[in-house]
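Trainee: can you look at this prediction? I've put the sequence above it.
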Number of protein chains: 2
Amino acid sequence: ATASTSSQPPNVVIMLMDDMGWGDLGCNGEPNRETPNLDQMAREGLIASSMYTAAPLCSPSYTPQNMVGGIPDDEVLLPELLAQKGYTSGLVGKWHLGHQPQYLPLKHGFDFWFGAPNCHFGPYADLLTPNIPVFLNDSMVGRYYEDFHIDKNNGVSNMTQLFTDAAVEFINREANRGPFFLLWAPDATHAPTYASEKYRGTSRRGRYGEAVRELDAGVGAILDALRAHQVDNNTLVVFTSDNGAALVSKYNGGSNGPFLCGKQTTFEGGMRAPGIFWWPGVIPAGTTTHQVSSENTQPSQPYEEAVAEWCGRRWICSRTAAQLAGVQTPQDRIYDGLALAKSLTHPQLEVQRPVFLYRGNRLMAVRRGPLKIHLWTFSTPTAELQKGINFCPGAEVPNVTTPTPTNHTARPILFNVEVDPGERYPVSHLSRTYKDAIQMLKKVVKEHEEKLVPGEPQLNWCDQAVMHWRPHGCEALKECLPIPQSNPYLCDWPH
Amino acid sequence: ATASTSSQPPNVVIMLMDDMGWGDLGCNGEPNRETPNLDQMAREGLIASSMYTAAPLCSPSYTPQNMVGGIPDDEVLLPELLAQKGYTSGLVGKWHLGHQPQYLPLKHGFDFWFGAPNCHFGPYADLLTPNIPVFLNDSMVGRYYEDFHIDKNNGVSNMTQLFTDAAVEFINREANRGPFFLLWAPDATHAPTYASEKYRGTSRRGRYGEAVRELDAGVGAILDALRAHQVDNNTLVVFTSDNGAALVSKYNGGSNGPFLCGKQTTFEGGMRAPGIFWWPGVIPAGTTTHQVSSENTQPSQPYEEAVAEWCGRRWICSRTAAQLAGVQTPQDRIYDGLALAKSLTHPQLEVQRPVFLYRGNRLMAVRRGPLKIHLWTFSTPTAELQKGINFCPGAEVPNVTTPTPTNHTARPILFNVEVDPGERYPVSHLSRTYKDAIQMLKKVVKEHEEKLVPGEPQLNWCDQAVMHWRPHGCEALKECLPIPQSNPYLCDWPH
Ligand SMILES: [Ca+2]
Ligand SMILES: [Ca+2]
């Protein structure tokens, strides 16, 4: 079977992990090998070795509830595209594209949602700010740390189980009713990591590993549901993550394998994401693609941090999945994402194209073919280092892991990340390779910047009044809180 | 089938790579995934995640030809043990246990040898010292860079092909004639790396990757030969390496995956070896063992560098393979290696035992369970760093990657290498874990030192006269050279 000969366009399941690193999967070399379901998924499918996230973090993490902005109405998200072909779309897990009512998933193409608009941060017991709400469709059904508990002391929570059950139930409901799109975005590997009671003490990697094990079991349950309904041969399943592992969390963060640094940086450890594509009978089993690809369809967006994450959550398949579904992407804007359906069935095909790596609004680096070129470098700010915060623990590459944003535009730093995934050995600027790379760089950056239409920044304004005081549904739960006076101010993001 | 019910003891094939890193295998997370045969071998067999080499280097590499010493006659090597049960033993590849006639493989239990006594170093065109000889059994059949060419400019040599052909021919000859033991020790991944013409330009990883690809093809050819003779169900095949990848070689060295530093150091990158065990029908497919194991049977040996390597080349299976063959190991000496045959068939079994990690004569660290305790740390000597030599490029862990041998005996540094394989986050010395670890450490080091019988150092003496001037067989080839006057001197090993 292939996409073109199927009578119905394929279902699409995107499994988007949160802060899970490239190196956390057994099949990507995590030494304890605690992901049997992912490893089997990889054996039965395609490993994408060079998939990049849109930005090295999910969104500013300190005061997300204050954020005024959100996904603009004129952005066309994947579920909106797929609706043209009769897809039913569900989101299970974290949204993170804005939490005011107009930004929520059901306003942007999703037919079903179980999850939270933000990360599962507190305020825990701090009654000055509301806890993050959990939604079922357009209504709050409870709050984290109140109705949906996460034990901060031992990391026990049944949220991953709930998110897995909800995903399986969605598949049970939709499998025989026309095409569906499921975005499964559990956030158990984001600090504070959590896992169900039954996973306590089961991992050689501690609490973080427990979270990974339970997510891996969830992957298995979801694939089993597809098999049980005999739709596995007509479903593309993609497993990836939204940024590299947060090395800053030390024991409680994940692994970026052989790559340099972690979340918050544009080194490979911050940007290279695990990628597994599974579609039995269509994608050849046990294959690898080296296609350099990006999870975002970036240039119509501003490079504010949260917006880049939104690109991550809107995701790559806006082109590839649309192609598979037979939907045209909007013609009134430029997408630099590619439609890569053919790469899934023909892993040896490789389109040479650049991927642009941003930190905030700044173009930091470009990856193309085996080459990665740093225009700017920045690891951990000195002030943070002094507080014990380190995005690059144990790593120190001279002139590369710089503690201040360092401009190399006059002489970019070039790595061949196929022979040097750890970004340790800069290619000599006297070499032919270097000279050719700079020529290529100039050309692709110029094209990129010419096409780029900066969007409206969504992270500039913060306001206590937009926090989750009275989400829709709070009345029935008797969890409404008084809204303070609106007082917008310019947000201050520490990184 | 199990070992105990077979009518004939199993054949044993040990594939011992040279300077290949843990992270060079696709199944261990090398991002380019260029080892399809090893990956398949792992899928059909058992991955050993925590196997340690005897020492972080093969032997002093600068002046190996000068070395007077070699494997003492009273050491009982695996082929000598296996001979008791009628095994025929072959060595294909590098020996490295001494090159004077009395030390060569056929004097120490091997029935067949094709390979060289030393690494494939030059002197290249320097006529002051002889090139390394290649032996067939007890006679030189040519010299490297003369009869067995390695092109230093482009890294082309057919040696891996010759070593693969010789291994396959050995299997073809022995497969139906009683049990055999084959040690396949090609050294293409040791600098200067090489591969056959047909592999040029085939790897995303450059010359080093070409060597890996050809070795991987050799693995496939050897497994195919076992299958063709239908002895795969009665053959244990082990794949490993003699030390971590030589990061000092930069582009031309391999990958240690997520581990710290490389060859020459006792950090995980220097000591953790890839391990795959394959025995269809006996070893369960697709499994992992976390058993901490050591490639050497150390304490009867001095911890001179080359001698530790000899332990590596005598190897692990001296106990496990002997157990499988039903041979008793000598009772007149203490082996601290374990007989681990049961771990192969029952991967969940785990014997808690310490493994001792040495650099030269010094006990540097102890691994037991998830814990690794550094008594001493030492990365690259400052003088070498100044010359651009670096065993830990890009890595800098304060108080850990020390440029001088640093004594931590008073307060050892503790890592949990299951959660922290990169040895980045020392466990607090105020923790319960730390206190318990120190108690355990004291006990196991005391036991180790009490049992240890230091051997006769074999690396102290050097002499120009012992070089390969006139190896046996040189007359027929007309390649005999005049032997200079003997003038023994104390060797000076730079690292
Ligand atoms: Ca994230
Ligand atoms: Ca070696």
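Mentor: Yep, it's here. Residues are numbered from 1 along each chain as shown, chains lettered A, B, ... in the order given. Ligands and ions are numbered 1, 2, ... in the order given.
Trainee: hey, which helix or strand in chain A has the poorest pLDDT?
Mentor: Across the helices and strands of chain A, mean confidence by mean pLDDT, DSSP states H and E is lowest for helix A:305-314: a mean of 39.
Trainee: pLDDT score for the residue most central in space within chain A?
Mentor: Nearest to the mean C-alpha position of chain A, by Cα atoms, centre = their mean, lies A:Asp242 at 1.8 Å. A:Asp242 is assigned a predicted lDDT (pLDDT) of 86.
Trainee: wait, isn't it in contact with A:Asp18?
Mentor: Yes: with contact defined as Cβ atoms under 8 Å, A:Asp242 reaches A:Asp18; the gap is 5.8 Å. All C-beta atoms are positioned from the backbone trio N, CA, C, and that covers glycine.
Trainee: adjacent strands (with direction) for the helix or strand containing A:Lys372?
Mentor: Assigned by DSSP states H and E, A:Lys372 falls within strand A:371-374. Strand pairing for strand A:371-374, using DSSP bridges, gives strand A:362-368 (antiparallel), strand A:413-416 (antiparallel).
Trainee: ranking those by burial, who's on top?
Mentor: strand A:413-416 (a mean of 23; mean count of other Cβ atoms under 10 Å in any protein chain shown).
Trainee: and chain A, split by domain according to the record?
Mentor: A:11-352, A:371-451 (automatic domain parsing).
Trainee: weakest of those domains by average pLDDT?
Mentor: Ranked by mean pLDDT, the domains of chain A end with domain A:11-352 at the bottom, a mean of 88.
Trainee: quick one: which of the domains of chain A is nearest B:Thr329?
Mentor: Ranking these by proximity to B:Thr329 (Cβ to Cβ) places domain A:11-352 first, at 29.8 Å.
Trainee: chain B contacts on the stretch 101-250 of chain A?
Mentor: Proximity of the stretch 101-250 of chain A to chain B, by Cβ under 8 Å from any Cβ of the partner chain, involves residues A:204-206, A:208-209, A:247, A:250.
Trainee: and those, which is closest to B:Pro412?
Mentor: Distances from B:Pro412 to these, taken by Cβ to Cβ, are shortest for A:Lys250, at 19.7 Å.
Trainee: burial count for the closest residue to that closest one other than its chain neighbours?
Mentor: Take A:Lys250 and drop its neighbours on the chain: the residue closest to it by Cβ to Cβ, 6 or more residues apart in numbering or on different chains is B:Tyr425, 4.8 Å away. Using other Cβ atoms under 10 Å in any protein chain shown, B:Tyr425 has 16 neighbouring residues.
Trainee: related to what we said a few turns ago, and the residue nearest to the centre of chain A, how far from A:Thr53?
Mentor: Plainly put, A:Asp242 is 6 Å away from A:Thr53 if you go by Cβ to Cβ, to the nearest Å.
Trainee: can you check A:Leu106 too?
Mentor: Counting by Cβ to Cβ, the gap from A:Leu106 to A:Thr53 is 26 Å.
Trainee: and these two? Which one has more around it.
Mentor: Using other Cβ under 10 Å, the more surrounded residue of A:Leu106 and A:Thr53 is A:Thr53, with 28 against 17.
Trainee: A:Asn243 is in contact with the more buried one, correct?
Mentor: Yes: using Cβ under 8 Å, A:Thr53 is in contact with A:Asn243, at 4.9 Å.
Trainee: A helix includes A:Met140, no?
Mentor: No: the assignment for A:Met140, made by DSSP: H, G, I helix; E, B strand; the rest coil, is strand rather than a helix.
Trainee: wait, it sits on A:Leu477?
Mentor: Yes: contact between A:Met140 and A:Leu477 holds when scored by Cβ under 8 Å: they sit 6.6 Å apart.
Trainee: so between those two, which is more surrounded?
Mentor: For A:Met140 versus A:Leu477, neighbours defined as other Cβ under 10 Å are more numerous around A:Met140 (24 against 16).
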